[in-house]
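Trainee: Sequence plus the predicted model coming up.
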Amino acid sequence: MASPVAIAALVGKVLRERALRPPLLAVRSQAGHLTPRRWLNLQEYQSKKLMSEHGVRVQRFFVASTAKEALEAARRLNAKEIVLKAQILAGGRGKGVFNSGLKGGVHLTKDPKEVGQLAQQMIGYNLATKQTPKEGVKVNKVMVAEALDISRETYLAILMDRSHNGPVIVGSPQGGVDIEEVAASNPELIFKEQIDIFEGIKDSQAQRMAENLGFAGPLKNQAADQIKKLYHLFLKIDATQVEVNPFGETPEGQVVCFDAKINFDDNAEFRQKDIFAMDDKSENEPIENEAARYDLKYIGLDGNIACFVNGAGLAMATCDIIFLNGGKPANFLDLGGGVKEAQVYQAFKLLTADPKVEAILVNIFGGIVNCAIIANGITKACRELELKVPLVVRLEGTNVQEAQNILKSSGLPITSAVDLEDAAKKAVASVTKK
Ligand code: GDP
Ligand code: MN
């Protein structure tokens, strides 16, 4: 039922999670990581549109893709003060830096002209934050919103929590900041309300959370009402997470969602078509898009051994066995069935494009795939790309004997491996030798 894209995303998630864990733990907890879901992310402006459609209070805003549009939006808003926000999927934008030199992905100004000038230094540039890769993420759009004064910033999130078998509302009176830091330094300031999905959110729960967040007087009812609306939104759109940081109050006595991050359950795609149609995929790694053009699935990780495999199962097994032997995968390229020689060449080109790569491990099991085609593709790629890094090849299955002969007679410095374990050992040894 799941689409190939969803499966690739799932494998990517599993591999990334494994890459963060010691191998034995990864192997043992395998079942837990194989939950069939991915998380669609939307940009803040898209999330806020959904929120406002469900009665959740957000600021008035426009979206702009050019500095000129941003300037016009600022004029049209006709607000006392404007907040300009770079739209990327990562958080921590406020403290981020652009490669244009501009500091801060969130700016407040009273002058619409300045909105244009600032947008000029945001759109088309990369914004790097604590949550992005070092080089940052390219900003294609900015949100131009009416700024409101904030008298207090709290944190509110609703998530589908496996350990509670259902939705949990998490809140803290200390918002606007990194919530992980609050959880570490002041765990007593993190409050939770477990919701029974059949009974829904109770008034008493919304009230208690509002109070724990420090909303008092008439603000308490208002905050509780916003929390209930957020919960209804969460259910209705099949979200796995709705995070509002800051969930703030204004001096005028309004409770407002100043930021929004919503993730979705991919299994709900069939009944949330409008939402999934908003996924612009522009933040997919370019290399992933490039791979997709050749019907290859690429998953980037942070080690130094490039892996060329066929099939998700083999990718995971390869990942684990590299770890068990003390190595770390740099990436995975999954060649489907029905392989052509040209794809093998492209695959090598993509794998070696990553400067972190210090060795390549080919681990192909030829069932549908003919090993001789792979071997020919490999030798061609080695010659044409003048491969500089050690290459360990383990082929098994259909036509493997001919494949071995092709590799051997090529005269290229290719290390053959007899099985998965042998291949992983040789690949790890080839990078640690240096
Ligand atoms: P993030 O850094 O990616 O989480 O982006 P946020 O949307 O949370 O904005 C960062 C910070 O900018 C917030 O924590 C607020 O302190 C501030 N901020 C955002 N919008 C407004 C606004 O309308 N008015 C004021 N005064 N501050 C804002
Ligand atoms: Mn935020």
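Mentor: Looks like it came in fine. Numbers count the residues shown, from 1 in each chain. Ligands and ions are numbered 1, 2, ... in the order given.
Trainee: what's the burial count for residue 313?
Mentor: Neighbours of residue 313 under the rule other CB atoms under 10 Å: 11. (Each C-beta comes from the backbone N, C-alpha and C, glycine too.)
Trainee: Please shift the residue numbers so they start at 679 in all later answers.
Mentor: Done: numbering now begins at 679, and the last item shifts to residue 991.
Trainee: Just the element for it, please.
Mentor: helix 990-1002 (DSSP states H and E).
Trainee: How far does the helix or strand following that helix sit from its chain's centre?
Mentor: Moving toward the C-terminus from helix 990-1002, the next helix or strand (DSSP H and E) is strand 1007-1013. Distance, stretch centre to chain centre, for strand 1007-1013: 17 Å (CA atoms, centre = their mean, to the nearest Å).
Trainee: Can you name every helix or strand that strand 1007-1013 contacts?
Mentor: helix 682-697, strand 974-978, strand 983-987, helix 990-1002, helix 1019-1031 (3 or more CB pairs under 8 Å, 6 or more residues apart in numbering; DSSP states H and E).
Trainee: Recalculate using a threshold of 7 Å.
Mentor: strand 974-978, strand 983-987, helix 990-1002, helix 1019-1031 (3 or more CB pairs under 7 Å, 6 or more residues apart in numbering; DSSP states H and E).
Trainee: mind listing what it pairs with, with the direction of each?
Mentor: Paired strands of strand 1007-1013, with direction, are strand 974-978 (antiparallel), strand 983-987 (parallel) (DSSP bridges).
Trainee: could you pull out the strands for the stretch 829-978 of the chain?
Mentor: Remark: strands assigned in the stretch 829-978 of the chain by DSSP state E, counting those that start in this stretch are 830-839, 844-850, 869-872, 917-927, 933-935, 939-943, 974-978.
Trainee: Please identify which of the ones you listed is closest to residue 801.
Mentor: Closest of the strands of the stretch 829-978 of the chain to residue 801 is strand 939-943, at 21.0 Å (criterion: CB to CB).
Trainee: So the residue nearest to residue 892 when sequence neighbours are not counted versus residue 926, what's the distance?
Mentor: Excluding its sequence neighbours, the residue lying closest to residue 892 (CB to CB, 6 or more residues apart in numbering) is residue 851, at 4.1 Å. Noted for residue 851: a distance of 11 Å to residue 926, by CB to CB, to the nearest Å.
Trainee: who touches both of the two?
Mentor: Common contact partners of residue 851 and residue 926 (CB atoms under 7 Å, 6 or more residues apart in numbering): residue 832.
Trainee: out of those two, which sits in the busier spot?
Mentor: Neighbours were tallied for residue 851 and for residue 926 using other CB under 10 Å; the higher tally belongs to residue 926 (23 against 18).
Trainee: these two touch, right, that one and residue 833?
Mentor: No: here residue 926 does not reach residue 833: they are 9.9 Å apart, not a contact under CB atoms under 7 Å.
Trainee: Output the contacting helices and strands for the helix ranked longest in the chain.
Mentor: Of all the segments of type helix in the chain, defined by DSSP state H, the longest one is helix 896-914. On a contact count with 3+ CB pairs under 7 Å, 6+ apart, helix 896-914 meets strand 830-839, helix 881-890, strand 917-927, strand 933-935.
Trainee: mind listing what's buried in it?
Mentor: Under the neighbour-count criterion of 16 or more other CB atoms under 10 Å, helix 896-914 has 897-898, 900-909, 911-912 buried.
Trainee: what do you get for stretch 981-999?
Mentor: By neighbour count on 16+ other CB under 10 Å, the buried set for stretch 981-999 is 981-990, 992-999.
Trainee: Figure out the length between the terminal residues of it.
Mentor: The first and last residues of stretch 981-999 sit 14 Å apart, counting by CA to CA, to the nearest Å.
Trainee: Ok, stretch 807-820 next?
Mentor: Length of stretch 807-820, first residue to last, CA to CA: 16 Å.
Trainee: hmm, who's touching it?
Mentor: Outside stretch 807-820, the residues within contact range by CB under 7 Å, 6+ apart are 721, 741-743, 748, 762-766, 768-771, 773-774, 777, 783, 797, 800-801, 803-806, 960-961.
Trainee: Give me the buried stretch members for it, please.
Mentor: 807, 810, 814, 815, 816, 817, 818, 819, 820.
Trainee: and which of these is nearest ligand 2?
Mentor: Using CB to the ion, residue 807 is the member of the buried residues of stretch 807-820 that sits closest to ligand 2, with 10.4 Å.
Trainee: Kindly report the residues of this structure close to ligand 2.
Mentor: Residues of the chain lying close to ligand 2 by CB under 5 Å from the ion are 923, 937.
Trainee: OK, contacts around the residue in the chain that ligand 2 sits nearest to?
Mentor: Nearest residue of the chain to ligand 2: residue 937, at 3.5 Å (CB to the ion). Taking CB under 7 Å, 6+ apart as the criterion, residue 937 is in contact with 722, 922, 923, 924.
Trainee: among these, who's most crowded?
Mentor: Ranked by the number of neighbours (other CB under 10 Å), those place residue 922 first, at 28 neighbours.
Trainee: beta partners of that one?
Mentor: Beta-bridge partners of residue 922, counted by DSSP bridges, are residue 834.
Trainee: Find the residue closest to residue 719 in space, skipping its chain neighbours.
Mentor: Of all residues not flanking residue 719 in the chain, residue 767 sits nearest, at 4.7 Å (CB to CB, 6+ apart).
Trainee: Which parts of the stretch 679-828 of the chain are strands?
Mentor: For the stretch 679-828 of the chain, strands defined by DSSP E, counting those that start in this stretch occupy the ranges 717-719, 739-742, 760-764, 775-776, 784-787, 804-806, 815-816, 820-824.
Trainee: Tell me which of the ones you listed sits nearest to residue 861.
Mentor: The closest of these to residue 861 is strand 717-719. By CB to CB, the value is 20.5 Å.
Trainee: what about that closest one, average pLDDT?
Mentor: Averaged across strand 717-719, the pLDDT comes to 74.
Trainee: One more: stretch 1041-1059?
Mentor: For stretch 1041-1059, mean pLDDT rounds to 88.
Trainee: average pLDDT across stretch 924-943?
Mentor: Mean predicted confidence for stretch 924-943 is 96.
Trainee: go on, stretch 1065-1080?
Mentor: When pLDDT is averaged over stretch 1065-1080, the result is 91.
Trainee: what comes up buried for it?
Mentor: By 16+ other CB under 10 Å, the buried positions in stretch 1065-1080 come out as 1065, 1068, 1069, 1070, 1071, 1072, 1073, 1074, 1076, 1077, 1078.
Trainee: Kindly report the residues of the stretch 729-878 of the chain close to ligand 1.
Mentor: Counting by CB under 6 Å from any ligand atom, the stretch 729-878 of the chain comes close to ligand 1 at 737, 761, 763, 769-772, 784, 786, 825-828, 831, 854.
Trainee: scratch that, the stretch 929-1078 of the chain is what I was asking about
Mentor: 936, 937.
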